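Student: Need coordinates for the below:
(chains A and B)
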Amino acid sequence: GDSVTQMEGPVTLSEEAFLTINCTYTATGYPSLFWYVQYPGEGLQLLLKATKADDKGSNKGFEATYRKETTSFHLEKGSVQVSDSAVYFCARSNAGGTSYGKLTFGQGTILTVHP
Amino acid sequence: SQTIHQWPATLVQPVGSPLSLECTVEGTSNPNLYWYRQAAGRGLQLLFYSVGIGQISSEVPQNLSASRPQDRQFILSSKKLLLSDSGFYLCAGHGQFMNTEAFFGQGTRLTVV
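Tutor: Residues are numbered from 1 along each chain as shown, chains lettered A, B, ... in the order given. This next block holds a predicted model:
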């Protein structure tokens, strides 16, 4: 079945460091790919998405590129801030790629950024 | 904007006790609604989804059930909790049109003791 494998955390960085959180997915169908973020005490929020191969999603300085050849969707940011401390979830839409509600998630990566 | 209210944020329940988690939706009508669970060290797993009142689809066999008595209300229940029901439960919604993104509640951390 569909699955998403996400880099295990927790990840601890100093402010202004470079961030990469790896994510790979099973290649069934033509999924859309997402990164969600959960800040402390809040619900999941969509951070960025990509709907087809070679698309790059970007938001708030974060980027991720849909790589079909490596079935990856790694999250990157060039200079993290303390306010980026959160849990990050990689996700793919399920078979059919049309329902953005039925998602398969990775296990989440806790990011802590120190000043 | 679309919002999901989910409560409580944390819950500690004894084994064998009943469970009722509720989420309500604002800002949209006739949403698809979803219950996800995250067990320790694992990703969020889809448990149930509903495309309308009284319509429930179960994705995985388990000790839980779901109901949708009203368009914007989605309830997760159990008659007798097991230790393995502990986890983080997340309610999510999705609008009628496929080009809209899912929106999520804040989640409930359930610990069965």
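Student: from here on, contacts and neighbour counts on C-alpha atoms
Tutor: Fine.
Student: what separates B:Thr10 from chain A, distance-wise?
Tutor: Separation of B:Thr10 from chain A (C-alpha to the nearest C-alpha, to the nearest Å): 11 Å.
Student: In contact with that residue, which residues?
Tutor: Applying C-alpha atoms under 8 Å, 6 or more residues apart in numbering or on different chains to B:Thr10 gives the contacts B:108-110.
Student: try A:Leu47
Tutor: Applying C-alpha under 8 Å, 6+ apart, the residues contacting A:Leu47 are A:34-37, A:58-59.
Student: and it, what element?
Tutor: Using DSSP states H and E, the element containing A:Leu47 is strand A:45-50.
Student: Quick one: name whatever helix or strand follows that strand.
Tutor: Following strand A:45-50 in sequence, per DSSP H and E, is strand A:56-59.
Student: other SSEs contacting that next one?
Tutor: strand A:45-50, strand A:62-65 (3 or more C-alpha pairs under 8 Å, 6 or more residues apart in numbering or on different chains; DSSP states H and E).
Student: ok, 10 Å please
Tutor: In terms of contacts (3 or more C-alpha pairs under 10 Å, 6 or more residues apart in numbering or on different chains; DSSP states H and E), strand A:56-59 is packed against strand A:33-38, strand A:45-50, strand A:62-65, strand A:75-77.
Student: Pass me the low-pLDDT residue ranges in chain B, would you?
Tutor: B:96-100 (pLDDT under 70).
Student: Grab the longest strand from chain A for me.
Tutor: strand A:86-93 (DSSP state E).
Student: neighbouring contacts of whatever helix or strand comes next after it?
Tutor: Once the chain leaves strand A:86-93, the next helix or strand it forms, by DSSP H and E, is strand A:103-105. Identification of contacts with strand A:103-105 by C-alpha atoms under 10 Å, 6 or more residues apart in numbering or on different chains yields A:1-6, A:25, A:31-36, A:89-95, A:97, B:34, B:36, B:38, B:42-46, B:102.
Student: can you check stretch B:62-71 too?
Tutor: If you take C-alpha under 10 Å, 6+ apart as the criterion, stretch B:62-71 is touched by B:19-25, B:28-35, B:47-58, B:73-82, B:84-85.
Student: swap in stretch B:16-23?
Tutor: Contacts for stretch B:16-23 (C-alpha under 10 Å, 6+ apart): B:4-8, B:11, B:13, B:33-35, B:64-68, B:72-83, B:89-93, B:105-108, B:110, B:112-113.
Student: and residue 67, how many residues sit next to it?
Tutor: If you meant another chain, say so; for now it's chain A. 16 (other C-alpha atoms under 10 Å in any protein chain shown).
Student: nope, chain B please
Tutor: 19.
Student: if I look at it, how far off is B:Ile56?
Tutor: Distance, B:Ser67 to B:Ile56, by C-alpha to C-alpha, to the nearest Å: 7 Å.
Student: anything in contact with each of those two?
Tutor: The contact sets of B:Ser67 and B:Ile56 overlap at B:48-50, B:74 (C-alpha under 10 Å, 6+ apart).
Student: Helices - which of the residues you listed land there?
Tutor: Using DSSP state H, no member of the shared contacts of B:Ser67 and B:Ile56 sits in helices.
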